[in-house]
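Next come a sequence and a model predicted from it.
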2 protein chains.
Amino acid sequence: MDVHSDIPRSRRERPAKPALTREGIVAAAVELMRAEGMQKVTMRRLAQELDTGPASLYVYVRNTAELHAAILDELLGIIEPVPAEGDWRGRLEKLLTSYTAMLFEHPGLAQSALVARPSGKHYLNLIETLLALLAEGGVPSGQAAWGVDVLLQYATATAAEQATRDLTVNAQDDWDALTRALHGASDRTHPHIATLATELLSGTPQVRLSWGFHLLINGILHTPVPPARSNA
Amino acid sequence: MDVHSDIPRSRRERPAKPALTREGIVAAAVELMRAEGMQKVTMRRLAQELDTGPASLYVYVRNTAELHAAILDELLGIIEPVPAEGDWRGRLEKLLTSYTAMLFEHPGLAQSALVARPSGKHYLNLIETLLALLAEGGVPSGQAAWGVDVLLQYATATAAEQATRDLTVNAQDDWDALTRALHGASDRTHPHIATLATELLSGTPQVRLSWGFHLLINGILHTPVPPARSNA
DNA sequence: ACCTGAACACCGTTCAAGT
DNA sequence: ACCTGAACACCGTTCAAGT
């Protein structure tokens, strides 16, 4: 009955076709993102990659947002571990910079990351490491607990801003418009902008990011959280 | 020839149809957003509202991103002006809270705001006011110039996070998953999370937002910017 | 019971062909 | 010169009907 019995079964199928499981789907999604960018990771395109219809994916993934969250957690698994030596501030900044760099490499993922409420195992590991570093620095635990959110949000939002700017064709136009608007501000109506136009536009993204991390760490150290009110 | 000559011309047209100008398009977009939410403000839907085809809008608006940016600047025009009395920190926080509240009322706009590089007049006014308040507080100008970006980014990102959480049906599920993940963390593998699970999840959005503003203001005050390197 | 083809209800953007 | 109908190339999600 089997007309193909002389051909090994494995040769008759597309060699790289992953099994249709949640793991296989997420793995294929990551592969597709690496190959063609986040904007191509759609349910339809991914289904095509897996030789099936989009409806089939909904058996394993609730929706596009959940798929993106799964990709994010996968990517969190590959950010380089923080070195064991050095002062806690330097190591903290290194970890946050690695996180941001990972999002920079995958424009589009950052925007999902901002909205997604991740809860995967790699995300938990990241939170744990951040808390450990803040504890090592003597940051009071309440401030550390709320601080990790702010640190990750800052890193994520910065990547999302920058990422989309790289992607968009009109990025330069927008930047030019802002530059003109700031430098062209009248010192009668906008005296502070007129005085600070250069400073407002100065600094490379890297230097600004680093300054932001320092600012946040200083702020977290110096800002007590309000006393809990019937919340425990 | 004109069979309608006995009916005033104005009565034969849809009463509220704005002229097809950039201003008219943006005004209609704002109206549509108020009536049906940002997710309905698409080129196609907006064109329909203006009794034309989507292609016509491209004569006045470069793309969807630019349309969203225009809406944002329009909305910035209605945030309540900062009161003249009180200490600068209190007034600064009030202004930032108004800004955030505006974005909260229009879920979806916040996400555009994060990516858009606005340069409209209302945006300039906001920057000017923020710089004035920081100057009043004696913040060194370099720190103030970079600080306004961080303050607005924090406010915008927080609104974007929260806004999407309100919109999404599965928001509660995501939250539950995170709660379970944090409270279920093993104190062998994730000792800090296990200890701080309650603190990590504590605080209303309002209290967290306010704490974040304090932390940022403290950080901006205490963190000098690096010396300019051949950038001026 | 599990899976999915086909449909529903949309998108942004372009460009040839009109007036 | 200015405007736009129609087309191109896509989306996410659902559900009835298959195996």
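Structure's in. What do you need? Residues are numbered from 1 along each chain as shown, chains lettered A, B, ... in the order given.

Any part of the helix ranked longest in chain A near chain B?
Counting residues, the longest helix in chain A under DSSP state H turns out to be helix A:141-167. Yes: counting by CB under 8 Å from any CB of the partner chain, contacts between helix A:141-167 and chain B involve A:141-142, A:144-150, A:153-154, A:156-158, A:160-161, A:164-165. Placement of C-beta: from N, CA and C, glycine included.

Now the element after the helix or strand of chain A with the lowest mean pLDDT, going C-ward?
Using mean pLDDT, DSSP states H and E, the weakest-scoring helix or strand in chain A turns out to be helix A:171-183, at a mean of 86. Where DSSP states H and E defines the elements, the next helix or strand beyond helix A:171-183 is helix A:191-201.

Any chance you could list what contacts the helix or strand following that next one?
Using DSSP H and E, the next helix or strand after helix A:191-201 towards the C-terminus is helix A:205-222. Contacts to helix A:205-222, defined as CB atoms under 8 Å, 6 or more residues apart in numbering or on different chains, come from residues A:89, A:92-93, A:96-97, A:100, A:134, A:137, A:139, A:143-144, A:147, A:150-151, A:154-155, A:158, A:162, A:203, B:146-147, B:149-150, B:214-220, B:222-223, B:225-226.

again, but for stretch A:68-83
Residues contacting stretch A:68-83 (CB under 8 Å, 6+ apart): A:22, A:26-27, A:29-30, A:33, A:38, A:41, A:61, A:91-92, A:94-95, A:98-99, A:102, A:106, A:109, A:112-113, A:116-118, A:120-123, A:125-126, A:129, A:133.

Among those residues, name the buried ones.
The neighbour-count criterion (16 or more other CB atoms under 10 Å in any protein chain shown) marks A:26-27, A:29-30, A:33, A:38, A:41, A:61, A:91-92, A:94-95, A:98-99, A:102, A:106, A:109, A:112-113, A:116-118, A:120, A:122-123, A:125-126, A:129, A:133 among the contacts of stretch A:68-83 as buried.

Please tell me I have it right and A:Phe104 contacts A:Ala160.
No: look at A:Phe104 against A:Ala160 with CB atoms under 8 Å: they stay out of range, at 9.9 Å.

Mutual contacts of those two, please.
With CB under 8 Å, 6+ apart as the test, A:Phe104 and A:Ala160 both reach A:Ala110.

Looking at these two, which has the bigger crowd around it?
Set A:Phe104 next to A:Ala160 and count neighbours by other CB atoms under 10 Å in any protein chain shown: A:Ala160 wins out with 27 against 20.

Backbone dihedrals for the nearest residue to that one once chain neighbours are set aside, both of them.
Spatial nearest neighbour of A:Ala160, chain neighbours left out: A:Ala110 (3.9 Å); criterion: CB to CB, 6 or more residues apart in numbering or on different chains. Dihedral pair for A:Ala110: phi -60, psi -40, per degrees, to the nearest 10.

what residues does chain A put near DNA strand C?
A:Leu20, A:Thr52, A:Gly53, A:Pro54, A:Ala55, A:Ser56, A:Tyr58, A:Val59 (CB under 7 Å from any atom of the strand).

When you filter the residues you listed down to buried only, what's left?
The buried subset of those (16+ other CB under 10 Å) comprises A:Leu20.

among the residues of chain A next to DNA strand C, which are in reach of DNA strand D?
A:Gly53, A:Pro54, A:Ala55, A:Tyr58.

farthest-separated two in those residues?
A:Gly53 and A:Tyr58 (9.9 Å; CB to CB).

sorry, back to before: quick one, the least confident helix or strand of chain A and helix A:191-201 angle?
140 degrees (axes from the mean of the first three to the mean of the last three CA atoms, to 10 degrees).

does chain B sit close to helix A:171-183?
Yes: residues of helix A:171-183 contacting chain B under CB under 8 Å from any CB: A:Ala171, A:Asp174, A:Trp175, A:Ala177, A:Leu178, A:Arg180, A:Ala181, A:Leu182.

Any chance of a markdown table for the residues you listed, columns distance to B:Glu85 and neighbour count?
Converted to a markdown table, these look like this (distance: CB to CB, whole Å; neighbours: other CB atoms under 10 Å in any protein chain shown):
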| residue | distance to B:Glu85 | neighbour count |
| --- | --- | --- |
| A:Ala171 | 42 | 14 |
| A:Asp174 | 37 | 19 |
| A:Trp175 | 38 | 14 |
| A:Ala177 | 36 | 16 |
| A:Leu178 | 32 | 17 |
| A:Arg180 | 35 | 11 |
| A:Ala181 | 30 | 20 |
| A:Leu182 | 29 | 19 |
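
what's the closest of these to B:Pro191?
Nearest to B:Pro191, judged by CB to CB, of the residues of helix A:171-183 next to chain B is A:Ala171 at 43.8 Å.

Tell me how many other residues crowd A:Ile193.
24.

near DNA strand D, which residues of chain A show up?
Checking chain A against DNA strand D by CB under 7 Å from any atom of the strand, the hits are A:Lys40, A:Thr42, A:Met43, A:Arg44, A:Arg45, A:Gly53, A:Pro54, A:Ala55, A:Tyr58, A:Asn63, A:Thr64, A:Ala65.

Out of these, list just those in helices.
Using DSSP H, the residues of chain A next to DNA strand D in helices are A:Met43, A:Arg44, A:Arg45, A:Pro54, A:Ala55, A:Thr64, A:Ala65.

Only whichever of those are buried, select them in PyMOL.
The buried subset of those, as determined by 16+ other CB under 10 Å, is captured in PyMOL by this line:
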select buried, chain A and resi 43+65
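
Of the ones in helices among the residues of chain A next to DNA strand D, which pair is most distant in space?
Farthest pair in these, by CB to CB: A:Ala55 and A:Ala65, 17.5 Å.

if I look at the closest residue to chain B within chain A, how far off is A:Gly147?
Residue nearest to chain B within chain A (CB to the nearest CB): A:Gly219, separated by 3.1 Å. Going from A:Gly219 to A:Gly147 by CB to CB, to the nearest Å gives 8 Å.

one step back: look up the closest residue to the residue of chain A closest to chain B, ignoring the ones flanking it.
B:Gly219 (3.1 Å).

and that neighbour, how many neighbours?
26.

Tell me the pLDDT of it.
We have a pLDDT of 98 for B:Gly219.

With only the CA atoms kept, save stretch A:119-132 in PDB.
The C-alpha coordinates for stretch A:119-132 follow below in PDB (Å, rounded to 0.1, in the frame of the first residue of the first chain):
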ATOM      1  CA  SER A 119       6.700  35.000  34.000                       C
ATOM      2  CA  GLY A 120       9.000  32.500  32.300                       C
ATOM      3  CA  LYS A 121      11.900  30.900  34.100                       C
ATOM      4  CA  HIS A 122      14.600  33.100  32.500                       C
ATOM      5  CA  TYR A 123      12.700  36.200  33.500                       C
ATOM      6  CA  LEU A 124      12.600  34.900  37.100                       C
ATOM      7  CA  ASN A 125      16.400  34.300  37.000                       C
ATOM      8  CA  LEU A 126      16.900  37.800  35.800                       C
ATOM      9  CA  ILE A 127      14.800  39.200  38.600                       C
ATOM     10  CA  GLU A 128      16.700  37.000  41.100                       C
ATOM     11  CA  THR A 129      20.100  38.200  39.900                       C
ATOM     12  CA  LEU A 130      19.000  41.900  40.000                       C
ATOM     13  CA  LEU A 131      17.700  41.500  43.600                       C
ATOM     14  CA  ALA A 132      20.900  39.800  44.600                       C
END
